[in-house]
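Chemist: Would you be able to build a 3D model of this:
(3 chains)
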Amino acid sequence: MTTHGASLIDVARLAGVSTATAGRALGGYGQVSERTRERVLAAAAELGYRPNSLARSMITGSTNTIGVVVTDVANPFFATALRGITDVTSPAGFEVLLANTGGELSSEQRAVTVMSEKRVDGMIVAAARPGEGAHLKHAMDAGVPVVLIDRQVSGVPDADSITVDNDHAAAEAMEHLLELGHRRIAVITEAGGQLARVRSGNRRRGLFPSAVRLRGYVNALDAAGLAVDSALVASARYDRSSAYDAMVRLLDLADPPTAVLCTDNVLASGAYRAAQDLGLRMPAEVSLIGFDDEPWTTLVRPELTIVEQPTYDLGARAGRQLLTRITATGHQRPQHIQLRAKLVARGSTVPR
DNA sequence: AGCGCTAGCAAGTCGCTACG
DNA sequence: CGTAGCGACTTGCTAGCGCT
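Modeler: Next up, the predicted model:
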């Protein structure tokens, strides 16, 4: 009996069987007679026995734990994806170790290290940087399967990925605005600084969703024969107040946009708030379109037009993919699954 | 079929020996 | 005397084999 309570030895002794038999009765493997099983279970109950999963992992080589690393747990996008993950992995007997990185690479590296040291059976990662995959590759080389969600990362050639087709998602949003007759369309994005790189057209990989969406914005304008006005590309950090400021700047322009696209839901909420505070009539004076079908988008008036991402499905598929990787033997080619987003037109976008 | 015996799992710590 | 090097042993549990 250790400080952690009864061990299998104690249970076996009380039940009058060997530790092997006690283990079989409690673990549900091998052959045990009904009478013996009952004796063992009774002994375990009397002693308040709890199996030592550390010891079990030592011999089975697995911890039945998966690591999930995201940039922002407070973002409903990741919260919903996490639900998709656990709904799939939990019935399979896996527990989740969650880490929030705040988008900091160092924080992500630490999380991956800690999870490796805790011997998780696999990891699902929404990476902080598209070009920094060395720590993930290191984990994979050590035999820990990694499934990337939402973002591709270069330098991790064997990792599966589940992402959203953001080119298509942005195209949907832009098509909608163009069909409504808008010509001065602005974008609020975290990827504003990458405009030149996005326009040069190279680098299919190594772009995060916001940058891909910015590319979709540019491509849509090009296709419509409209020039990209850099004054209409507003940079914002990943927070509401920064998006708020960006929206104010756009609306203060001498020739303001008639429609604004926000490349994620956090930015959209800040922009929406700015339009309200400025006393602007929305959608009459400016149309607004965002991402993700969050509750607030239908609680406000006008309701926000959004591009709905299959967020839950993203998580569920990532979970399923990781489970097959964990149970698979030998090398299999990495899978790159792209899911489709769809436009949900609501009151915040109207014809020009 | 039902059970016991025992090796061995990972990652250490402990204690002994040999040596400068 | 200090210490580097190394084998023995530690934990709780399960896999595999063998006996009845």
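Chemist: Helix or strand with the lowest mean pLDDT in chain A?
Modeler: helix A:195-200 (a mean of 80; mean pLDDT, DSSP states H and E).
Chemist: Mind giving me the packing neighbours of that helix?
Modeler: Under the contact definition 3 or more Cβ pairs under 8 Å, 6 or more residues apart in numbering; DSSP states H and E, helix A:195-200 sits against helix A:209-223. C-beta here means a position set from N, CA and C on the backbone, and glycine is covered the same way.
Chemist: what's the residue in the stretch 101-250 of chain A positioned nearest to DNA strand B in contact with, if anything?
Modeler: In the stretch 101-250 of chain A, no residue comes nearer to DNA strand B than residue A:119, which is 6.5 Å away by Cβ to the nearest atom of the strand. Contacts for residue A:119 (Cβ atoms under 8 Å, 6 or more residues apart in numbering) come out as A:57, A:62, A:63, A:65.
Chemist: OK, contacts around residue A:271?
Modeler: A:188, A:243, A:244, A:246, A:247, A:260, A:262, A:288, A:290.
Chemist: typo on my end, it should be residue A:44
Modeler: A:6, A:11, A:15, A:22, A:26.
Chemist: and the residues you listed as JSON lines, adding distance to DNA strand C, pLDDT and neighbour count?
Modeler: Supplementary listing: the contacts of residue A:44 in JSON lines, determined by distance: Cβ to the nearest atom of the strand, whole Å; pLDDT from 0 to 100; neighbours: other Cβ atoms under 10 Å:
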{"residue": "A:6", "distance to DNA strand C": "8", "pLDDT": "86", "neighbour count": "18"}
{"residue": "A:11", "distance to DNA strand C": "7", "pLDDT": "91", "neighbour count": "26"}
{"residue": "A:15", "distance to DNA strand C": "13", "pLDDT": "90", "neighbour count": "22"}
{"residue": "A:22", "distance to DNA strand C": "7", "pLDDT": "92", "neighbour count": "29"}
{"residue": "A:26", "distance to DNA strand C": "6", "pLDDT": "90", "neighbour count": "19"}
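Chemist: quick check, nearest of those residues to residue A:267?
Modeler: Nearest to residue A:267 among these, counting by Cβ to Cβ, is residue A:26 at 52.5 Å.
Chemist: May I ask you to confirm that that closest one is in contact with residue A:51?
Modeler: Yes: between residue A:26 and residue A:51 a contact is recorded at 6.8 Å, counting by Cβ atoms under 8 Å.
Chemist: Cross-reference the contacts of residue A:271 with the strands and report the matches.
Modeler: Secondary structure defined by DSSP state E assigns A:188, A:260, A:262, A:288, A:290 of the contacts of residue A:271 to strands.
Chemist: So for the least confident helix or strand of chain A, what gets flagged as buried?
Modeler: A:195, A:197, A:198 (16 or more other Cβ atoms under 10 Å).
Chemist: Save those residues as TSV, and put in distance to DNA strand B too.
Modeler: As requested, the buried residues of helix A:195-200 are arranged in TSV below (distance: Cβ to the nearest atom of the strand, whole Å):
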residue	distance to DNA strand B
A:195	46
A:197	41
A:198	43
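Chemist: quick one: low-confidence parts of the stretch 151-300 of chain A?
Modeler: Applying pLDDT under 70 to the stretch 151-300 of chain A flags residues A:201-206.
Chemist: Settle this for me: residue A:236 is touching residue A:270, isn't it.
Modeler: Yes: the pair residue A:236 / residue A:270 is scored as a contact, 7.4 Å apart, by Cβ under 8 Å.
Chemist: which residue packs closest to residue A:116, ignoring adjacent ones?
Modeler: residue A:139 (5.4 Å; Cβ to Cβ, 6 or more residues apart in numbering).
Chemist: do residue A:112 as well
Modeler: In space, residue A:112 is closest to residue A:135, 5.0 Å off (Cβ to Cβ, 6+ apart).
Chemist: List the buried residues in stretch A:13-24.
Modeler: So for stretch A:13-24, counting by 16+ other Cβ under 10 Å, buried means A:13, A:14, A:15, A:17, A:21, A:22, A:23, A:24.
Chemist: No further queries at this time; thank you.
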